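Enquirer: The following block contains a protein sequence and its predicted model.
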Amino acid sequence: MLGYKIQIMGIVQGVGFRPFVYSKALANNLKGWVNNCDSTVVIMIEGEKNDIKCFIKDMIYNPPSIANIEKIKIIPCEVKGYKDFHILPSTSTTPTICFLSPDIATCDKCMNEVLNPKSRRYRYPFTNCTQCGPRFSIIKELPYDRKNTTMSMFPMCTDCEKEYNDPSDSRFHTQPNCCKKCGPQVEFIDSDNMKKYGNPIKSAVSMIKQGKIVGIKGLGGFHLCCDAVNNNTVNILRIRKKRPNKPLAIMAKNLESAKKIAYISTKEEQIVTGKQRPIVLLKKRLSNILPSNIAPNQRYIGIMLPYTPLHYLLFDESLEYLVMTSGNLNGQPLAYKNKEAIESLGNICDYFLTHNREIHMPIDDSVVKVIEDKVMVIRLARGYAPYHVKMDSNKEILALGGQQKSTVCVLKSKYAVMSNYIGDLGDYDTFERYQKTIDNILNIYKTTPDRLIHDLHPLYDSTKYAHEQSIRHIGVQHHYAHMLSCMVEHNMDKKVIGVIYDGTGLGDDGAIWGGEFFIGDRKSYKRVAHLKYVTLQGGDITVKEPWRSGVSFLCSSEIEPEKYIKGVNRDTIKLLKEALSSDFNCFQSSSIGRFFDGVSALIGLCNYNTYDGEAAIILENNTESGVTQLYSYDIDDTNNELLIDYKKIIKGIIGDVKQGINISSISSKFHNTVIDFTVNMVDRLSKKSGIVDVVLSGGVFQNSYLLSGIYRRLKGLGFNTYFNEIIPINDGGLSLGQIAIEDDEYGGVK
């Protein structure tokens, strides 16, 4: 007889690990016990050598499907003569690191029960088991026990209690276990908060069919829901939400329905049907099933499948596609509390389908796309967050991210943990949500950081937050943080060439950067090349009004903008020209994002952004395959920096406009040019430095045409090329990049 203590770290709570251990211990004739201790599963076992060997193999190679083991410690112990095997109550000491499971989509087994008239959970919308259901959105603190979740207010009935305590049952130790007798309930109300009687879900379905907009409380917050094939209702939703052009996410009844409206590759199908169930950006099919106002001027459409029983129950034989867009006012955070949602969304929704299970941590739907057969997470949220990354550091640090698409990240005991997507901090309510997220993550991970890392921009709310704290704080340059986020994800700690294409970010020289080539590692970087500066005017308004960038690039190229910027008053253009010439409220910028904006306006695609990145997105959507031409450009070698001069590119575009060349050809040639000068520059820098590892990061690389083109060309030339995959390539990845800096004194104490 041998005895061992086994400690298993990782995502091992809320995933059925203790019942799994229990069943494997019995199957292998082992005695002892298992429990949760903070974020770790602790096992004491005694038995024959071969039985213990088989048991440990099962732990390592065949754990529960949604578990993620990070580390296993096996320590020989004195045999105590246990008589049987038990699951003991959870204990708490001082945790090393906490691994929280994300919320998981409903499994097939649970849905079969929900749809089975003979099941006691027939049509019960909160059905879950150890392999699915709410996790992160309901947990208040570790260990993951019912008393520490928002399910604590729902005592289990006799039947649920029996399942919970039965080792042979699939709900053995399922913390949110419940049924219609003892669990949360839904109700259907109108926008005046007057309760409607009858079956709430059937009432909601009936109203959706009648063209009404229903606010639906889901796993992490509210959705605005309507019949996606009803053109008139979709228009009403857009008017009420003040969202004229931004694509609306679609929830399809099932995979077959999704395939009717989009092309879905094998890789994309795996993601669409996987346990995370994110919104997946898929290429649209040419069909008349959905109205054009779902995703206007887009080649892609965001589709997800139902991920809770409640969602499944909203579909019937005559409802196949629902709009499921975030339940918030334009620019504000996701609504998640019943009363607040009714108050804030009452002018948008005709009715609400709510429930009384509290959401402790609101969380949006994740947004994902596949590029070069790799998963690229655009918005890290439900199903993916919180996200854990192993790092070689024992420091305790909190990184605060940027201003837009904000996330925060904590470092403790050699693990960095990224929060879910929060939003743009310029909105007051979003900033409050940001502070709540910080408090929540520090509480759950039981950490007191000894320093804060923030962006260099003094006007970012995240930077202001750092300055208001009594903890030491350090600023990290925005685009360097982008580069580091990619390096951390791919576990790179040597010198790389970093290509960072972005919309904005304060540079070390006070200019707004965004078309950068760096050489560096996790300790420092050197800016070795960039897009030549253009003079922009007007601050943040330049981001919202792409025509301004168009005027600036034209003026810098000595071309009269009035002839080519259409749809803007000539006197307004003249005023901007005068401001540029007198250097009134102007700034220098190397931003590739503004370059794309300017070209989009120049060729008549978009003068005003109604949502983030609209001009550049429309420009990409006007590319076409088969175009191989590009525009001429210069690379100047000045003061040990290589500068990409855009003047010939602008003049080439103007020449095509004059000749009446179609917009798709112009857009394709412009994209091809950016791809070419990027690869050309990387090749030059590599020959000088001997570096063959390249990372691509920054929000502009959400452009699939651009990223694929550069990636393939670099790979073809033999470069080891990487881009952000699970860690967002946009500003959502900044917090992880900030926390990765290895030089304590980088950037000085700000």
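Expert: Yep, that arrived.
Enquirer: Please count neighbours and contacts with C-alpha atoms only from this point.
Expert: OK.
Enquirer: Now do residue 129 against residue 356, distance only.
Expert: Residue 129 sits 19 Å away from residue 356, going by Cα to Cα, to the nearest Å.
Enquirer: Neighbour count: those two, which is higher?
Expert: residue 129 (25 against 15; other Cα atoms under 10 Å).
Enquirer: I figured the more buried one hits residue 110, correct?
Expert: Yes. Counting by Cα atoms under 8 Å, residue 129 touches residue 110, with 7.1 Å between them.
Enquirer: Which of the helices and strands in this structure ranks last by mean pLDDT?
Expert: The weakest-scoring helix or strand in the chain, judged by mean pLDDT, DSSP states H and E, is strand 195-196 (a mean of 75).
Enquirer: For the helix or strand that it is followed by, name the packing helices and strands.
Expert: For strand 195-196, the following helix or strand on the C-terminal side (DSSP states H and E) is helix 200-209. Helix 200-209 is packed against strand 186-190, strand 214-217, strand 222-227, strand 351-355, with contacts defined by 3 or more Cα pairs under 8 Å, 6 or more residues apart in numbering; DSSP states H and E.
Enquirer: State the number of residues packed around residue 78.
Expert: Residue 78: 11 surrounding residues under other Cα under 10 Å.
Enquirer: picking up where we left off before, mind checking the helices and strands packed on helix 200-209 for the one nearest to residue 434?
Expert: Closest approach to residue 434 among the helices and strands packed on helix 200-209 (Cα to Cα): strand 222-227, 18.2 Å.
Enquirer: What is that closest one packed up against?
Expert: Applying 3+ Cα pairs under 8 Å, 6+ apart, we find strand 222-227 packed against helix 200-209, strand 214-217, helix 231-241, strand 321-326.
Enquirer: how far does it sit from the chain's center?
Expert: Its chain's average C-alpha position is 20 Å from that of strand 222-227, according to Cα atoms, centre = their mean, to the nearest Å.
Enquirer: Paired strands for it, with orientation please.
Expert: Here strand 222-227 has these sheet partners by DSSP bridges: strand 214-217 (antiparallel), strand 321-326 (antiparallel).
Enquirer: Compute the inter-axis angle for the last one and helix 200-209.
Expert: Our comparison of strand 321-326 with helix 200-209, counting by axes from the mean of the first three to the mean of the last three Cα atoms, to 10 degrees, yields an angle of 100 degrees.
Enquirer: Any chance you could list what contacts strand 321-326?
Expert: Outside of strand 321-326, the residues within contact range by Cα atoms under 8 Å, 6 or more residues apart in numbering are 222-229, 248-253, 257, 334, 364.
Enquirer: So which bits of the following helix or strand past it are buried?
Expert: For strand 321-326, the following helix or strand on the C-terminal side (DSSP H and E) is helix 338-345. Residues of helix 338-345 classed as buried: 338, 341, 342, 345 (neighbour count, 16 or more other Cα atoms under 10 Å).
Enquirer: what sits against the third one?
Expert: Okay, so that is residue 342. Counted by Cα under 8 Å, 6+ apart, residue 342 has contacts 191, 192, 193, 352.
Enquirer: Which helix or strand contains residue 578?
Expert: Applying DSSP H and E, one finds residue 578 within helix 570-581.
Enquirer: which strands and helices sit next to the helix or strand just after that helix?
Expert: Counting by DSSP H and E, the next helix or strand C-terminal to helix 570-581 is strand 586-589. Applying 3+ Cα pairs under 8 Å, 6+ apart, one finds that strand 586-589 contacts strand 534-537.
Enquirer: Report the strands that pair with the strand it packs on, each with its relative direction.
Expert: The strands beside strand 534-537 in its sheet (DSSP bridges) come out as strand 586-589 (antiparallel).
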